[in-house]
Structures are given as structure tokens and as C-alpha cells.
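Peer 1: Need coordinates for the below:
(one chain, ligands or ions: 1)
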Amino acid sequence: MPYRQVQAYFSTFAPVRCIAFISLGIGGLCACTTTHTEQVDTEQVGIAQNSVREATSPAQEAATRQAIPRRQNTSPLQTNQSAQSRAPAPDFAQTSDLVFYYFSTAETTGDVLSKNDDYTNALQPTEIGIKNKDATKTTLSDLQQNYKTGALDWTPDESKALSQIINELREDLTPYQKHLPSAISLGKTSALVEGGLPHTRGNLILFAQSSLDDYFATAASSPDKAIENLKELFLHELHHVLSRHNNTLHDDYFSILGFKPCTFIEPSKLKARRLTNPDAPHYNHYAPLDSEESDGVIPYITVAGPYNAQKGEGLGDYIEFGLLAVNEENGTCTIADSEPGLRPPSDDFFDLIGRNTNYIIHPEETLADNFAHLILERKGLANPEILEEIKNFWAQQQ
Ligand SMILES: [Zn+2]
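Peer 2: Numbers count the residues shown, from 1 in each chain. As a prediction, this is how the structure comes out:
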């Protein structure tokens, strides 16, 4: 998720912008005519991520470390995001000579959201209680009721705006078409689903009603800005679908940001507080950093205790982000501190992963923002080489 809106949630650590749920999606698909209904590719929901790691020798380790790219120390590029209409839209679809996409009805969206997958399997009771706004409703079936109620139909204005944006991105997404699923669906949700944050599940991109409301509100005075923001959101979310569809490549792909694979032994106390990101539900990679204290860090998100109306009703009132110091041995990462604690992002962490974005809660999210920068041909970034590396990575895949 790049939840652009969640940027504010990370006020504790200035460099962080959003959580695992971001945004408004993109589009790079071509809208034509044809009708295709209710063919959500639910089979794609829940692709298992790779978790088995090969052991590395100390020599290999040292060699790899030397190869880790270091980024220049400059300020991250700031971007913002920010949409209207309600009235059930008819079931309809769009197709393309590049990739098939269609607008999902509320019913189908609710069905896909309710399906068990990697994300739902990773969810913890405390975070479910917060998402349900009730500390006693901590089961998956409690959450699934929200998914059914929170799934919305598209209005004609909304789907038209998104189709235009997708069509404008079509050509620039051509090189990635063969790496995308054969069909992508676009769903819409209320704040009942994942705190109202845009995200993805399987091949379904979920747009928050608030993001679309922001789009229309901004378009009234600054149409170019509104279009740019919506494109960025779509591209960020599309990247999650692209990445999930090719999850066996993650070890190589995440190495663009300097991350290395490891099987993380997650302490139960920590796991109980985890906030699971639907776009990146696993912690299978760490960022190696030169330190006498530890071998590196894992960016991690937790919730600040169980749901309590006094504390706040929004997911953002509970989100905590930081870096977990870890030691790595034979492909396994363990907590380096006697008591696991979240550390603020350090300069050497940014030296490693680059400063093109403050959305650093997971390599998947950082790459998604960089992918959007790439397709939108953003200039003036601190680390433009990352965009080139992403472009080359996908160009080299079969
Ligand atoms: Zn994201």
C-alpha cells in the first residue's frame, strides 16, 4: 500500500511518508471497448512469497557487501496526493491491447477482499481489533464483514477519470506488460477497509473513496496536479501487482535497494504488535549496514497497543514505524537487541536505499514509489540511478 495519506501517520519519524498502503493508482493500460464482467482473477490472490533462503559464506557476504550501492546524501523528493461522486456504477469493463483491466463491482470487490491469502494469513488479533474499531473483534470473520460493507461501486465519473489516466500511461507501461497478470481489476473501498488506505490484494487494486474525492477536489482548481497525483497512485499500486506476480524475483529485485534475503525469526512479542501490510505482508529481507552492534536492519511497522477509542479511531492513530536491528547468520535474521525496539531511520540506511522517497517501510514500498517516478519520468531526484536499475531489471527478465 502506499498510502500517501498515511504519510501523516509517521510523524514520529520525519523521513517516513506512508505505510504499507498508499494511494491512488495508476494506469498504464489502454482502454478500449469490450465488455467483460466479473472475471476477477481470484486465483491470483494469495501468491505465496518465497521464504527459503540459501546460506552464504562469510566471504560471499563480504563480497556482496562491497557491492552494495551507496547513495548520495541529498533530500528526498516530496510528493503529495490527494478526489467525488457516489451513485452506483454499472458493471462494466475495459480492455486493452496491452493488458486487460476492468472495474470491479462492490460485490466482487468484497468477495476478493474476503478471500484468504498471504495477507489474511499473516494478520494478528490486535491489528484486526484496531481495523474493526473494537478490541474484542479480533477474528478474521469480524474483519471480513467490514470488507463486504466497505466495498463500493464505482461512479461513472470516477471510472471515466481513471480510464483516461490509464490510457495516458499505456505507452509508457508497454515494456512491463509481459510481466503483468493477464487481467487486473480496479476496486473501490470506504474507510472501513484498511483504514481507507489504497492498497492491493492479488491482482485487485483498491482505490480509497477519499483518494478519488481528493482527485476531483484538486481537479477543480489544479487539473494537472490532480492527474499527476492519480497517475502516481495508480503506478505505485500497479507496481505491487507487478511485483507480487513476479515474487520469485524479489531477492534480486530488492537488491537494487541493497536489501539481502534472510529468514526473519520474528519474536512472538513483536509479532503480536505487528501491523501487516497487504502489499508486503512478509519480512524476508534486511538492509545490511556497517555497525559493530548488528549486521543490519529490517524496516518494521507495529501498532501502539490494542484499540482504544480514547486513543483514536483511525488506523493512523496506532501506527509505529522504525528499524529493527538484526544479526544475520546462514540466511537467518534474529533480533540484535535484548529487547526489540524500533529505531529511527539512520543516514546510512538512506545511503543504502536512496533518497528518492520517504516511503521506506518496506523495500516493496520504496521500489513502488521509485517505479512511479520512473514511469512519470521525474527529474531532479537524489538517486536517479535507482530508476535506471529498475528499468533495466525488468528489461532483462524473460
Ligand atoms: Zn504501497
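
Peer 1: Quick check: phi and psi on the closest residue to the ion within the stretch 51-200 of the chain?
Peer 2: With CB to the ion as the measure, residue 199 is the residue of the stretch 51-200 of the chain nearest to the ion, at 6.6 Å. In this view, the C-beta of every residue, glycine as well, is placed from N, C-alpha and C. The phi and psi values for residue 199, taken as degrees, to the nearest 10, are phi -170, psi -170.

Peer 1: Can you report how many residues lie near it?
Peer 2: Other residues within reach of residue 199 by the criterion other CB atoms under 10 Å amount to 29.

Peer 1: Any figure for the gap between it and residue 277?
Peer 2: The spacing between residue 199 and residue 277, counted by CB to CB, to the nearest Å, is 8 Å.

Peer 1: same thing with residue 376?
Peer 2: Going from residue 376 to residue 277 by CB to CB gives 23 Å.

Peer 1: Looking at those two, which one has more neighbours?
Peer 2: Counted by other CB under 10 Å, residue 376 and residue 277 do not tie: residue 277 has more neighbours, with 26 against 17.

Peer 1: surely the more buried one meets residue 368?
Peer 2: No. With the criterion set as CB atoms under 8 Å, residue 277 and residue 368 do not qualify as a contacting pair; they are 11.2 Å apart.

Peer 1: In this structure residue 216 contacts residue 157, no?
Peer 2: Yes. Because the distance of 7.5 Å satisfies CB under 8 Å, residue 216 is recorded as touching residue 157.

Peer 1: tell me, which helix in the protein spans the most residues?
Peer 2: Longest among the helix segments of the chain by residue count, using DSSP state H, is helix 223-245.

Peer 1: Could I get the buried residue list for it?
Peer 2: Residues of helix 223-245 classed as buried: 226-245 (neighbour count, 16 or more other CB atoms under 10 Å).

Peer 1: contacting residues around the helix or strand following that helix?
Peer 2: With elements assigned by DSSP states H and E, the helix or strand that comes after helix 223-245 is helix 250-254. Contacts to helix 250-254, defined as CB atoms under 8 Å, 6 or more residues apart in numbering, come from residues 49-50, 243, 246, 260-261, 284-285, 363-364, 367, 393.

Peer 1: Quick check: what element follows helix 250-254 along the chain?
Peer 2: Next in sequence after helix 250-254, counting helices and strands by DSSP H and E, comes strand 260-261.

Peer 1: what residues does the stretch 251-398 of the chain put near the ion?
Peer 2: Near the ion, the residues belonging to the stretch 251-398 of the chain are 279, 365, 368 when assessed by CB under 5 Å from the ion.

Peer 1: could I get those residues as JSON lines with secondary structure and neighbour count?
Peer 2: Conversion of those to JSON lines gives the following (DSSP: H, G, I helix; E, B strand; the rest coil; neighbours: other CB atoms under 10 Å):
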{"residue": "279", "secondary structure": "coil", "neighbour count": "30"}
{"residue": "365", "secondary structure": "helix", "neighbour count": "28"}
{"residue": "368", "secondary structure": "helix", "neighbour count": "28"}
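
Peer 1: could you dump those residues to JSON lines with pLDDT?
Peer 2: Formatted as JSON lines, those follow (pLDDT from 0 to 100):
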{"residue": "279", "pLDDT": "98"}
{"residue": "365", "pLDDT": "98"}
{"residue": "368", "pLDDT": "98"}
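
Peer 1: As CSV, these with distance to residue 142 would be great.
Peer 2: Output for those, formatted as CSV (distance: CB to CB, whole Å):
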residue, distance to residue 142
279, 22
365, 27
368, 29
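
Peer 1: ok, so of those, who is nearest residue 220?
Peer 2: Proximity of those to residue 220, judged by CB to CB, is greatest for residue 368, which lies at 28.1 Å.

Peer 1: so the closest one sits right up against residue 243, yeah?
Peer 2: Yes. Contact status for residue 368 versus residue 243: in contact at 7.4 Å, counting by CB under 8 Å.

Peer 1: so where's this protein shaky on pLDDT?
Peer 2: In the prediction, the chain carries residues with pLDDT under 70 at positions 1-99.

Peer 1: Could you say which helix or strand holds residue 324?
Peer 2: Element membership of residue 324 [criterion: DSSP H and E] is strand 319-329.

Peer 1: List the buried residues in that strand.
Peer 2: Going through strand 319-329 with 16+ other CB under 10 Å, the ones that come out buried are 319-328.

Peer 1: Also stretch 211-218?
Peer 2: For stretch 211-218, burial by neighbour count (16+ other CB under 10 Å) applies to 211-216, 218.

Peer 1: what's the closest non-adjacent residue to residue 314?
Peer 2: In this structure, residue 314 finds its nearest non-sequential neighbour in residue 195, 6.0 Å apart by CB to CB, 6 or more residues apart in numbering.

Peer 1: now the helices: where do they sit in the stretch 51-200 of the chain?
Peer 2: Along the stretch 51-200 of the chain, the stretches classed as helices by DSSP state H, counting those that start in this stretch are 58-66, 106-113, 118-122, 125-131, 140-150, 156-173.

Peer 1: For those helices, give me TSV that also has distance to the ion.
Peer 2: Below are the helices of the stretch 51-200 of the chain laid out as TSV (distance: least, CB to the ion, whole Å):
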stretch	distance to the ion
helix 58-66	27
helix 106-113	16
helix 118-122	13
helix 125-131	17
helix 140-150	18
helix 156-173	17
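
Peer 1: is it possible to export the ones you listed to CSV including distance to residue 294 and mean neighbour count?
Peer 2: Compiled in CSV, these are given as follows (distance: least, CB to CB, whole Å; neighbours: other CB atoms under 10 Å):
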stretch, distance to residue 294, mean neighbour count
helix 58-66, 14, 11
helix 106-113, 37, 22
helix 118-122, 24, 19
helix 125-131, 26, 22
helix 140-150, 34, 17
helix 156-173, 39, 19
